[in-house]
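Peer 1: what follows is a predicted structure for the sequence shown.
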Amino acid sequence: MPEIVANSVLPARREPLTITTSDGLRLVGELASPLDRDPVATMVCLHPLPTHGGMMDSHLFRKAAWRLPALAGIAVLRFNTRGTASAAGTSEGAFDAGDGEGNDLRAAVADSLELGLPHPWLVGWSFGTDVVLRHGDIDPVEGAILLSPPLRFSTDADLDRWAASGRRLTALVPELDDYLRPDEARRRFARVPQAEVVAVEGAKHLWVGEKYVRIVLGAITSHLVAGSGPLPDDFDGPMERWNDL
């Protein structure tokens with residue numbers, strides 16, 4: 001069977017979305033869902049810092065949308081937070097350092113409900129983890145996965161709210177992260193009893209390299225889909241290769 005590589009794109013139903021926030025902004029988004037079945041879980045993505053290049057097409061989220069609908073039955077909802085641009089377009093508004101982005105998160109979760117998507121989880125990366133921690137403790141969110149959390153815009157009070165909620169929280173922390181490394185992450189997240197901190201040996205903040213992409217996507221799948229095994233490295237079906245943006 002053909003091997004899945006960095007720019008492999010597996011079959012999915014891919015639909016552009018316009019997400020409207022409670023303060024009237026129109027956000028650019030996309031929903032990738034399984035082509036031949038109903039999704040079993042939903043991944044709502046909160047991207048890295050847009051002032052430093054973060055967007056809905058940041059590579060981990062793009063590859064999740066390319067692979068997880070076919071491999072794991074997961075619906076992947078990506079969007080540009082306010083003022084953020086990608087190939088799909090530019091969301092209205094302006095970067096708000098994690099404040100207004102809470103409206104963006106809530107609107108995306110509300111849209112997932114309206115679309116009938118099951119078992120929503122939040123997956124934040126870098127700045128996106130701060131948005132999740134500050135604003136994501138809401139129904140019907142079942143839990144959150146944090147990739148390279150810097151804990152820059154979020155506080156201990158935000159962690160305490162997650163602790164009180166009981167919602168599952170897992171942080172994947174690169175061994176060589178630029179901002180928060182595993183030992184300090186364990187200390188900071190200790191105030192959330194249900195939080196799990198997973199150190200990833202050799203990884204850096206941006207998770208560059210197919211080895212680390214597979215670790216991240218495998219961890220997401222294991223949390224969202226109960227009883228799922230390891231993701232395959234190849235795919236027995238149609239597969240395209242798209243240019244890496």
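Peer 2: Perfect, thanks for sending it. This structure is a prediction, so every number in the text was calculated from the model and none was measured. Residues are numbered from 1 along each chain as shown.
Peer 1: export the helix or strand Ala75 falls within as PDB, just CAs?
Peer 2: Assigned by DSSP states H and E, Ala75 belongs to strand 74-79. Provided in PDB are the C-alpha atoms of strand 74-79 (Å, rounded to 0.1, in the frame of the first residue of the first chain):
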ATOM      1  CA  ILE A  74     -12.700  12.400  12.900                       C
ATOM      2  CA  ALA A  75     -14.300  15.600  11.600                       C
ATOM      3  CA  VAL A  76     -11.700  18.400  11.600                       C
ATOM      4  CA  LEU A  77     -13.000  22.000  11.900                       C
ATOM      5  CA  ARG A  78     -10.300  24.600  11.200                       C
ATOM      6  CA  PHE A  79     -10.700  28.300  11.100                       C
END
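Peer 1: show me what that strand is packed up against.
Peer 2: Here strand 74-79 touches strand 13-20, strand 26-33, strand 41-46, helix 59-72, helix 101-114, helix 210-224, going by 3 or more CB pairs under 8 Å, 6 or more residues apart in numbering; DSSP states H and E. C-beta: built from backbone N, CA, C; applies to glycine.
Peer 1: kindly recompute the last result at 6 Å.
Peer 2: Under the contact definition 3 or more CB pairs under 6 Å, 6 or more residues apart in numbering; DSSP states H and E, strand 74-79 sits against strand 26-33, strand 41-46, helix 59-72.
Peer 1: between the ones you listed, which gets nearest to Leu115?
Peer 2: Counting by CB to CB, Leu115 lies closest to strand 26-33 out of the helices and strands packed on strand 74-79; the figure is 7.0 Å.
Peer 1: what lies in contact with that closest one?
Peer 2: 12-20, 39, 65, 69, 75-80, 88-89, 91-92, 104 (CB atoms under 6 Å, 6 or more residues apart in numbering).
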